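>>> starting from these lines, generate the structure:
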Amino acid sequence: MGQRQEVTDSRGPGYAAAGPSGKAWLVWVITAVTLVAIGVTGWLESETGLSGDSALDRVEFVIWGASLSMFVISGAIIVSRQPRNVIGWLLMIPGLSVPLSDLPFRVLVDMDPAPVVARPLLWLAVWFTGWSWILLIFPLFHLLLTFPSGRLLSRRWKWTVWLELAMVATMVGLVAFSRELVVMVEETVVWSVPNPIGFIEEGFFDGPFEPIWTATLLLLTVASVSAFVIRFRKASSVERQQFKWLLLAVALFGLVYAGLAILSNQTGGVIDLLFALSVGAIPVAVAIGVLRYHLYEIDRIISRTVGYLLVVALLGALFFAAVTALGSVFPAESPLAVAGSTLAVAALFNPLRKRVQEWVDRRFNRARYDAQRVMERFAGSLQGRVDHEGVVDGWVGVVAETMQPASVAVWVREE
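Numbers count the residues shown, from 1 in each chain. Here you go, the predicted structure:
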């Protein structure tokens, strides 16, 4: 005979037992190409001086590149595991938009002589680069509205989606039907060409339309932040552990972006740097939620990725150091130096991997690390034990400590 109690899993709503998609490799190929394109874009901008000359401009530029890379990587991890969850795609869009818009923009800026007629391909390039910045901003709004399930709080929040669509369509239409197609670099017009289908005057955006746009941006910002706060307040204690870091990043982003909307004519310098930091805080907060609180249950994948990256970096540094040291003993370009360094790296791979992975698990995957320690301690305590009551009590303690269910049930059959 035994006692029967209900066992409840305490994982939050962000958990979904979805395995990796068969096309996950395609997502990672796109991610790799995007990361390379972001790096190439950064190098080109530093060579041409578009990133700015001051130290503050360069710091802001580096933060933007790192933020976009974190968006792409975080989104790819989620998409590869849950392709139907819109959160992953919303994270990837900002990073994907940069290389898609940067290449045509550079071609347009370097055109010499400047065009005098807007041919179809030229019109399409100027039109896309004119509104591509929307792909950096509006996915963040929708991310806040739907995190972490990918769905709105209720049907009453559908008006926010219609507001987003209306604002995006308005900006795309303004660029498409403006009287002049303009290519600008830091508020400086490089060249312009008449738009064959344009009828909207150039000063329309800075005139009567600007206060309307500012008001709708503030409304969408308040709605997005409010939706996230409401979702946080309705969450359970475990779910709040998943939300709290992202809630801090959301509050920072909402505050900075609202300030930018109000002080739209005073951007630059420290304000732009704060905006870049607030944007970069969002994928960092998502990563913390994933690593520490089992959001989407992919923390083990990320911890393994971080572990292998560190191992590769350490072994690479060790290899070059060994080649340099042995090169001073053996003749120049001696195969013995390369062979000896390769053997040393191969011999150190497994011990180093275990130590690095243990360190990563302690920092980022603490639940699994602690569970493994508890299981090892329990297995050691079973040696020489014959009383079944002690075994059952120990097993219940292990389950309660590692899985933390609401209750545990044990059924033991009597002889």
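>>> host element of the residue nearest to residue 85 when sequence neighbours are not counted?
By the measure of Cβ to Cβ, 6 or more residues apart in numbering, the closest residue to residue 85 outside its immediate chain neighbours is residue 150, 4.6 Å from it. To be clear about C-beta, it is placed using only N, CA and C from the backbone, and glycine gets the same treatment. Using DSSP states H and E, no element contains residue 150; it sits outside every helix and strand.
>>> spit out the contact partners of residue 150.
Taking Cβ atoms under 8 Å, 6 or more residues apart in numbering as the criterion, residue 150 is in contact with 84, 85, 86, 87.
>>> same thing with residue 245?
Residue 245 neighbours (Cβ under 8 Å, 6+ apart): 285, 288, 289.
>>> so which strand or helix has it?
Here residue 245 is covered by helix 237-262, with elements defined by DSSP H and E.
>>> give the buried residues for that helix.
Neighbour-count burial for helix 237-262, counted by 16 or more other Cβ atoms under 10 Å, picks out 239, 241-243, 245-247, 249-250, 252-254, 256-257, 260-261.
>>> what is the most widely separated pair among those residues?
241 and 261 (31.6 Å; Cβ to Cβ).
>>> out of the contacts of residue 150, list just those in helices.
In helices, defined here by DSSP state H, the members of the contacts of residue 150 are 86, 87.
>>> redo the contacts of residue 150 as a markdown table? Include neighbour count and distance to residue 146.
Supplementary listing: the contacts of residue 150 in a markdown table, determined by neighbours: other Cβ atoms under 10 Å; distance: Cβ to Cβ, whole Å:
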| residue | neighbour count | distance to residue 146 |
| --- | --- | --- |
| 84 | 11 | 13 |
| 85 | 20 | 9 |
| 86 | 18 | 6 |
| 87 | 24 | 7 |
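>>> turn the contacts of residue 150 into TSV, including distance to residue 37.
Conversion of those to TSV gives the following (distance: Cβ to Cβ, whole Å):
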residue	distance to residue 37
84	26
85	25
86	23
87	23
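>>> nearest to residue 173 among the contacts of residue 150?
Nearest to residue 173 among the contacts of residue 150, counting by Cβ to Cβ, is residue 86 at 24.9 Å.
>>> contact partners for the closest one?
Applying Cβ under 8 Å, 6+ apart to residue 86 gives the contacts 142, 146, 150.
>>> apply 7 Å and report the result again.
Taking Cβ atoms under 7 Å, 6 or more residues apart in numbering as the contact definition, residue 86 lies against 146, 150.
>>> can you show me the strands along the protein?
Residue ranges of the strands in the chain, as given by DSSP state E, are 180-185, 188-194.
>>> among those strands, which comes closest to residue 307?
Closest among these, once you apply Cβ to Cβ, is strand 180-185, at 42.3 Å.
>>> next, the angle from that closest one to strand 188-194.
160 degrees (axes from the mean of the first three to the mean of the last three Cα atoms, to 10 degrees).
>>> who are the packing partners of strand 180-185?
If you count contacts as 3 or more Cβ pairs under 7 Å, 6 or more residues apart in numbering; DSSP states H and E, strand 180-185 packs onto helix 86-109, helix 120-131, strand 188-194.
>>> residues of that strand that come out buried?
The neighbour-count criterion (16+ other Cβ under 10 Å) identifies 181, 182, 183 as the buried residues of strand 180-185.
>>> contacts only, for the first one.
Going back to what we said before, that points to residue 181. Per Cβ under 7 Å, 6+ apart, neighbours of residue 181: 118, 123, 126, 192, 193, 195.
>>> for the last one, same thing?
In this structure, residue 183 makes contact with 108, 109, 126, 190, 191, judged by Cβ under 7 Å, 6+ apart.
>>> repeat the analysis, applying 10 Å as the threshold.
Applying Cβ atoms under 10 Å, 6 or more residues apart in numbering, one finds that residue 183 lies in contact with 105, 108-109, 111, 114-115, 125-126, 129-130, 189-193.
>>> where along the stretch 151-300 of the chain do the helices fall?
In the stretch 151-300 of the chain, helices defined by DSSP state H, counting those that start in this stretch lie at 158-176, 209-233, 237-262, 270-293, 299-327, listed in chain order.
>>> picking up where we left off before, got the helices and strands packed on strand 180-185 as CSV, with mean pLDDT and distance to residue 32 columns?
CSV is the format used below for those (pLDDT from 0 to 100; distance: least, Cβ to Cβ, whole Å):
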stretch, mean pLDDT, distance to residue 32
helix 86-109, 84, 12
helix 120-131, 88, 24
strand 188-194, 84, 32
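>>> and among those, the most buried is which?
Among the helices and strands packed on strand 180-185, ranked by average contacts under mean count of other Cβ atoms under 10 Å, first place goes to helix 86-109 (a mean of 20).
>>> ok, and what's touching stretch 62-69?
Residues lying outside stretch 62-69 but in contact with it, judged by Cβ under 10 Å, 6+ apart, are 31, 34-35, 38-39, 41-42, 45-46, 51, 94-99, 136, 272-273, 275-284.
>>> so which of the strands of the chain gets nearest residue 360?
Nearest of the strands of the chain to residue 360, taken as Cβ to Cβ: strand 180-185 at 42.5 Å.
>>> pull up the pairing partners for that closest one, direction included.
With DSSP bridges as the test, strand 180-185 is paired with strand 188-194 (antiparallel).
>>> got the domain ranges for the protein?
In the assignment given by automatic domain parsing, the structural domains of the chain cover 24-297, 299-364, 366-415.
>>> just the pLDDT for residue 162.
Per-residue pLDDT puts residue 162 at 94.
>>> a markdown table please, covering the helices of the stretch 151-300 of the chain and showing distance to residue 340.
Written out in a markdown table, the entries for the helices of the stretch 151-300 of the chain read as follows (distance: least, Cβ to Cβ, whole Å):
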| stretch | distance to residue 340 |
| --- | --- |
| helix 158-176 | 60 |
| helix 209-233 | 56 |
| helix 237-262 | 46 |
| helix 270-293 | 38 |
| helix 299-327 | 6 |
